[in-house]
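*Asks:* Fold the following, please.
(one chain, ligands or ions: 1)
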Amino acid sequence: KMSLQQYTSIITGGAAGLGRSMASALAEMGSNLVIVDLNRNKADRAAEELREQFGVQVYVMEANVCSPEDALRVQEETVREFGRIDVLINNAGIVKNAKAEDTSYQDWLDVMNVNLNGVFLMSQAVGREMIRQRKGSIINISSMSGIIVNTPQCQIAYNVSKAGVISLTKTLAAEWAPYGIRVNTIAPGYMKTELTEKFFLEGGQLIDRWMSMTPMGRPGVPDELQGIAVYLASEASSYTTGSVFSVDGGYTA
Ligand code: NAD
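*Replies:* A predicted model of the protein is given here:
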């Protein structure tokens, strides 16, 4: 039931970090991949490694998830290349940290655009195809910051965008269940990637405090999302929809 042979999976932000690691997990289970990323070079390198390591087909698209035209292009080109779309992982995301009173409207918009509007646009474009197919699994990457406020870090736009992803997940799960489409969320805690690298280096204070609030006492590594990604992509999760899975070392427990 965990096999992804004959599957086609789209992963946004698949060139780096958590997306790259989940791409690897899906490829290992046999899925062909479409890597969607702003960073063409990194995506090309990832694709080359994945083809070599797992012998699957990997198609790279340089695209911006918050462009409606790009979202449609991803859906169309994926169907043209592979004939179907089984899995969409909405993983691309950005973070901008500032106190609420100092957050510029432009920063607010930028974060909302990628983290929330991008998830809507990609889900809608790909969801229409999945409705036609009467099958599909959408996996949205939220964050523990969509569930709790991780003080003392100030990131109002990020927190609100990630909370929005959880509501979007539940809404789509309810609306699209009749079409055989499942929609779930993974809410990671602190995972060591480029996105969080600067927080791990910042004099250690912030990260020391986070780790003291994490029952497991350490940050996660990207590979620790691989199991849940394969579970949600595959038929192993055939009765699972509208759910939020925390993978955070116990932070939100
Ligand atoms: P990352 O910065 O290492 O990688 C993100 C990738 O997304 C990059 O390759 C980037 O080029 C791509 N990207 C960014 N904006 C894009 C856009 N508009 N269109 C297409 N691609 C775009 O980040 P990461 O740490 O791997 O995070 C991945 C996801 O996980 C994000 O949604 C993030 O909010 C979420 N998350 C991360 C952590 C963590 O601790 N790292 C924790 C919780 C949630």
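*Asks:* could you point out where this protein is predicted with low confidence?
*Replies:* 201-204 (pLDDT under 70).
*Asks:* go again using 80 as the cut-off
*Replies:* 152, 198-207 (pLDDT under 80).
*Asks:* all helices of the stretch 101-250 of the chain, in order?
*Replies:* Assigned by DSSP state H, counting those that start in this stretch, the helices in the stretch 101-250 of the chain fall at 105-112, 118-133, 156-176, 194-201, 205-213, 226-233.
*Asks:* give the contact list for K192.
*Replies:* F200, P219, G220, V221, P222 (CB atoms under 8 Å, 6 or more residues apart in numbering). To be clear about C-beta, it is placed using only N, CA and C from the backbone, and glycine gets the same treatment.
*Asks:* Could you single out the nearest of the residues you listed to R80?
*Replies:* P222 (30.3 Å; CB to CB).
*Asks:* Skipping its backbone neighbours, what lies nearest the closest one in space?
*Replies:* Of all residues not flanking P222 in the chain, S21 sits nearest, at 3.6 Å (CB to CB, 6 or more residues apart in numbering).
*Asks:* Count the residues that sit near the one you found.
*Replies:* 20 (other CB atoms under 10 Å).
*Asks:* right, and it touches D223 too?
*Replies:* Yes: with contacts counted by CB atoms under 8 Å, S21 reaches D223, the gap being 5.4 Å.
*Asks:* Enumerate every residue touching S67.
*Replies:* Per CB under 8 Å, 6+ apart, neighbours of S67: L121.
*Asks:* Same check on M2?
*Replies:* Counted by CB under 8 Å, 6+ apart, M2 has contacts M29, V230, Y231, S234, A236.
*Asks:* Let me have those in CSV, adding neighbour count and distance to K162 as columns.
*Replies:* CSV is the format used below for these (neighbours: other CB atoms under 10 Å; distance: CB to CB, whole Å):
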residue, neighbour count, distance to K162
M29, 19, 27
V230, 20, 23
Y231, 18, 21
S234, 20, 25
A236, 13, 26
